[in-house]
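**Q** what shape does this take:
(2 chains)
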Amino acid sequence: MMILSHRLLVIIGRLVVLAVIFVGTELGVRYGVMNQLFFSSPSEIFKALLAQWSNGTFLQDTGITILETLLGLCAGSLLGMAMGLILPQLRLFSNVFEPFLMVLNGIPVIVIAPLFILWLGLGILSKIGIGVYIVFFAMFIPVYTASLRLDSTLVDALCVMGASRYQIFWKVVVPSSLPSVYTGLKIGSGLALIGAVIGEFVASRSGLGHMILYASGTLDTPTLYLGIITLGVFAAALSFAVDALGPVLVRWRYSDEK
Amino acid sequence: MLEFRNVGFSFAGRREPIEVLHNVSFACGEDEIVAVIGPSGCGKSTLLSLANGLRTPTAGEVLVDGKPVTEPSSLIGMLFQQSTLLPWRSVVENIELGLEIRGEPKGSRRAKAHTLMRQYGLAGFERKYPHALSGGMQKRAALAQTLAVEPEVLLLDEPFAALDAQTRAVIENDVVKICRAGKRTMLMVTHDIAEAISMSDRVVVLSRRPATVKEIYETPLSRRAANVADVPGMPEFAQFFKRIWNALDISITGMSSVA
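**A** Take a look at the predicted model:
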């Protein structure tokens, strides 16, 4: 009863906050308290959505940004995971490559984005490339560190049982990296979206980043807000989806406690 | 039968090789429990890593059934001090790990694991993850994991050090019973003199580094007692304890210098 009423209160509270934002901006903008150049009322943002929807650009822009984000996230994660798992097995390679990877990781993505546009063009490929670049490090670093700090007792135990290097890799190295893979996915999902939008900001013909940039250039404030809100909703949905992967990837941590 | 024959081991130091073991010779027969005890850092664990095939001696040889140990083999199993249960596998999957590594088909290895779980009082916990088990049950599961492949020689590296006293007494007794019943060869490393006397037929005392065999004591109390926990209460126990304590030559000068 107590728990139910608490949850109910939380939901009511959230709805109240949402209502205050909606009604506040609506009235504020309508009666001139908030400047129309800087703020938009929900009704104007909805009108912008209808306009974008009817000329077909809203779904296209949103779809393209989602596609870039998801492809960048998947490809970058797979690449980062593979490298993070394999490199520690080859000590010589990992020692050789470590400083180069550190430098690459240190370069801010915003300055490397023009390079990807140059290499891969104005379309979707260059945005996926930028996404792969930053997601790679978000995944590689935790997985690599975890593989280097492997529990040596587990490895010894499997060796004594007669396991081959291949068996140790699949039975110990890979599963013990899964919590780090989950961490990498959490960080990477946010970065993939940033990568896609940055790419669109630098040079593009479509996507939510393009829509925002265009709206900002034409002083179309409602569309600007529409773009920001759409990105926010997508980011939240993505993070929710990644969180749901936790009990799948690290099942043993979510299972029955003592 | 496990035999150390003039075994030496040294590893490369900064300037010259550091000798850890020097001319160690003793044997551990079938159906026999031998405890190795020595000052901390003397190379007890190194001795076990030579027996399980993770390292090779730099002098002499380690023999199992007369054949030199050069690599891990299914004849030799080891129970480690830390948990060797893989946290992402259920208890039953952990117990069948050794069989799985050897390529045994799923059906038969699962059946063996279930039998072991019943024997070791773990029935009902098959699908739990190791973290859901108590310390004592984890140790029993690790023992089942080690013995599932039916090794002839069982090595133990201070396996009970992390357990509370009551759990420890129960597990020690279980291990001795299981070993005696299976007529296995068992070699355990410990720093606990009472544990060594209570569980083993013989106690090998090592010297400081480079470790050599200082003394070997026959300790028949374990075989006479019905339960490992009864041994410290036996009248001869104090004598054995004192002799081994003296042989260990543990320095207690630290305290007098404080006073």
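**Q** per-residue pLDDT, the residue lying closest to A:Leu37 once chain neighbours are set aside?
**A** Nearest non-adjacent residue to A:Leu37, counting by Cβ to Cβ, 6 or more residues apart in numbering or on different chains: A:Thr221, 6.2 Å away. From N, CA and C alone the C-beta is placed, and that goes for glycine too. pLDDT recorded at A:Thr221 is 93.
**Q** also B:Pro17?
**A** Confidence score, pLDDT, at B:Pro17: 88.
**Q** hmm, back to that, quick check: phi and psi at the residue nearest to A:Leu37.
**A** The phi/psi pair for A:Thr221 (degrees, to the nearest 10) reads phi -60, psi -40.
**Q** and the helices in chain A?
**A** A:2-30, A:42-54, A:57-86, A:91-106, A:109-120, A:124-148, A:152-160, A:165-168, A:174-202, A:208-217, A:221-249, A:251-254 (DSSP state H).
**Q** how about those helices, which one is nearest B:Gly43?
**A** Closest approach to B:Gly43 among these is made by helix A:152-160 (16.6 Å; Cβ to Cβ).
**Q** who touches the closest one?
**A** A:167-168, A:171-172, A:176, B:52-54, B:72, B:76-78, B:80, B:82-84, B:86, B:97, B:101 (Cβ atoms under 8 Å, 6 or more residues apart in numbering or on different chains).
**Q** what does chain B put close to chain A?
**A** For chain B, the contact set with chain A under Cβ under 8 Å from any Cβ of the partner chain comprises B:52-54, B:72-74, B:76-78, B:80, B:82-84, B:86-89, B:97-98, B:101-102, B:128-129, B:131-132, B:149.
**Q** re earlier: now intersect the contacts of helix A:152-160 with the strands, please.
**A** Counting by DSSP state E, the contacts of helix A:152-160 place B:Ile76, B:Gly77, B:Met78 in strands.
**Q** state the distance from A:Val132 to A:Leu191.
**A** 11 Å (Cβ to Cβ, to the nearest Å).
**Q** any idea how far the nearest residue to A:Gly199 once chain neighbours are set aside lies from A:Ile198?
**A** Leaving aside its chain neighbours, A:Gly199 sits nearest to A:Lys127 (3.6 Å; criterion: Cβ to Cβ, 6+ apart). Distance, A:Lys127 to A:Ile198, using Cβ to Cβ: 8 Å.
**Q** neighbour count: these two, which is higher?
**A** Between A:Lys127 and A:Ile198, A:Lys127 has the larger neighbour count (other Cβ atoms under 10 Å in any protein chain shown), namely 33 against 21.
**Q** assign a three-state SS to the residue in the stretch 151-259 of chain B that chain A sits nearest to, would you?
**A** Residue nearest to chain A within the stretch 151-259 of chain B: B:Leu155 (8.4 Å; Cβ to the nearest Cβ). Assigned state for B:Leu155: strand (three-state reduction, DSSP: H, G, I helix; E, B strand; the rest coil).
**Q** now swap in B:Val24 and tell me
**A** strand.
**Q** same check on the one 10 residues further on?
**A** Put simply, B:Val34 is strand when judged by three-state DSSP.
**Q** hang on, isn't it packed against B:Arg202?
**A** Yes: with contact defined as Cβ atoms under 8 Å, B:Val34 and B:Arg202 form a contacting pair (4.9 Å).
**Q** where do the contact lists of these two overlap?
**A** With contacts defined as Cβ under 8 Å, 6+ apart, the residues adjacent to both B:Val34 and B:Arg202 are B:Cys28.
**Q** the two: who's more crowded?
**A** The neighbour comparison of B:Val34 against B:Arg202 (other Cβ under 10 Å) goes to B:Val34, with 23 against 20.
**Q** ok, the more buried one - contacts?
**A** The neighbours of B:Val34, taking Cβ under 8 Å, 6+ apart as the test, are B:Phe26, B:Cys28, B:Met186, B:Leu187, B:Met188, B:Ser200, B:Asp201, B:Arg202, B:Val203, B:Val204.
**Q** coming back round to it: can I get the buried part of the residues of chain B next to chain A as one ChimeraX selection?
**A** This is how ChimeraX selects the buried members of those, with burial counted by 16 or more other Cβ atoms under 10 Å in any protein chain shown:
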select /B:52,53,54,72,73,74,76,77,78,80,82,83,84,86,87,88,89,97,98,101,128,129,132,149
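**Q** sweet, I'm off.
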